[in-house]
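J.: Need coordinates for the following:
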Amino acid sequence: MKRILTFFILSGLLFLSASASFAEGEKTGVLDSIEVLAGFSSGELVRGQRSYMMAPISVAFNFNLKNLTKKIGFSPRQLFQFQIEPFAGFITSPKNNLETGTIFWFKMGFFPDTWKFQPYGKLGLGLDYMTAHIHQQSTQFNFTEQGALGMHYFLTATTAFTLEGRIRHLSNAGMREPNHGFNSYTLVTGIFHKF
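T.: Here you go, the predicted structure:
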């Protein structure tokens, strides 16, 4: 639980610092791009319960971190962003329900950000609320830890097709027992637009 709170505090401070700072006449940390994503998520629950399946949709607000990192001597040529991604999902199994929350991501590209094809990796933590009652979770309010690999393929200078695979662990961080948590796997696709 302390690790999760520390992450959110540090992420918030980094975001506020990035939004408020300026470097050589350029704004730092301003909204750099936006993504609209939709997909399918699946995971295994405890025995006796049907698999977990959800259709998520999200909007990711991407903030450029490169000008901020220049101040500490780190100047990546590739994509380097902080993302705030609110999402909602329709749970289709084990019963029809809803899930909503927000994920805070750090995203880094593998190739220079001038390339048409841009693979990337992401790590994130988030807050989650589901209307479903899952046997291994005593709470409907949970935390998520996520990792993702994806790619942008630019169709124009500012618009790209996105394809991304994610793995997510969901649990209540020990706030209440039982807290067995579960993993799910997600595939999302959508449009990335930079300003």
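
J.: do you know how far residue 127 is from residue 145?
T.: As judged by C-beta to C-beta, to the nearest Å, residue 127 and residue 145 stand 12 Å apart. Where you see a C-beta, it was placed from the backbone N, CA and C, and this is true even at glycine.

J.: Dig out what residue 189 forms beta bridges with.
T.: Beta-bridge partners for residue 189, by DSSP bridges, are residue 38, residue 163.

J.: Need the per-residue pLDDT for it.
T.: For residue 189, the pLDDT comes out at 98.

J.: Please pull out the lowest mean pLDDT helix or strand from the protein.
T.: Sorting the helices and strands of the chain by mean pLDDT, DSSP states H and E puts strand 22-23 at the bottom, at a mean of 39.

J.: Show me what stretch 35-52 is in contact with.
T.: If you take C-beta atoms under 8 Å, 6 or more residues apart in numbering as the criterion, stretch 35-52 is touched by 53-60, 62, 89, 91, 93-94, 134-136, 162, 164, 166, 168, 180, 182-193.

J.: wait, stretch 92-99
T.: Residues from elsewhere that reach stretch 92-99 (C-beta under 8 Å, 6+ apart): 45, 49-56, 88-91, 128-132.

J.: 6 Å instead, please
T.: Applying C-beta atoms under 6 Å, 6 or more residues apart in numbering, the contact partners of stretch 92-99 are 49-51, 53, 89, 91, 130-132.

J.: So for residue 127 and residue 145, which sits in the more crowded spot?
T.: Taking neighbours as other C-beta atoms under 10 Å, residue 127 and residue 145 compare with residue 145 leading, 20 against 16.

J.: Run through the bridge partners of the closest residue in space to residue 132 that isn't next to it in sequence.
T.: Spatial nearest neighbour of residue 132, chain neighbours left out: residue 97 (3.8 Å); criterion: C-beta to C-beta, 6 or more residues apart in numbering. When bridges are called by DSSP bridges, residue 97 pairs up with residue 91.

J.: what's the neighbour count on residue 97?
T.: The burial count for residue 97: 17, using other C-beta under 10 Å.

J.: Output the contacts of stretch 92-99 as CSV; include the columns secondary structure and distance to residue 155.
T.: As requested, the contacts of stretch 92-99 are exported to CSV (DSSP: H, G, I helix; E, B strand; the rest coil; distance: C-beta to C-beta, whole Å):
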residue, secondary structure, distance to residue 155
49, coil, 42
50, coil, 39
51, coil, 35
53, strand, 30
89, strand, 27
91, strand, 32
130, strand, 35
131, coil, 37
132, coil, 37
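
J.: Can you tell me which of those residues lies closest to residue 121?
T.: residue 89 (22.6 Å; C-beta to C-beta).

J.: Setting aside sequence neighbours, what's the nearest residue to the closest one?
T.: residue 56 (3.8 Å).

J.: quick one: stretch 106-121 to chain centroid distance?
T.: Relative to its parent chain, stretch 106-121 has a centroid offset of 16 Å by C-alpha atoms, centre = their mean, to the nearest Å.
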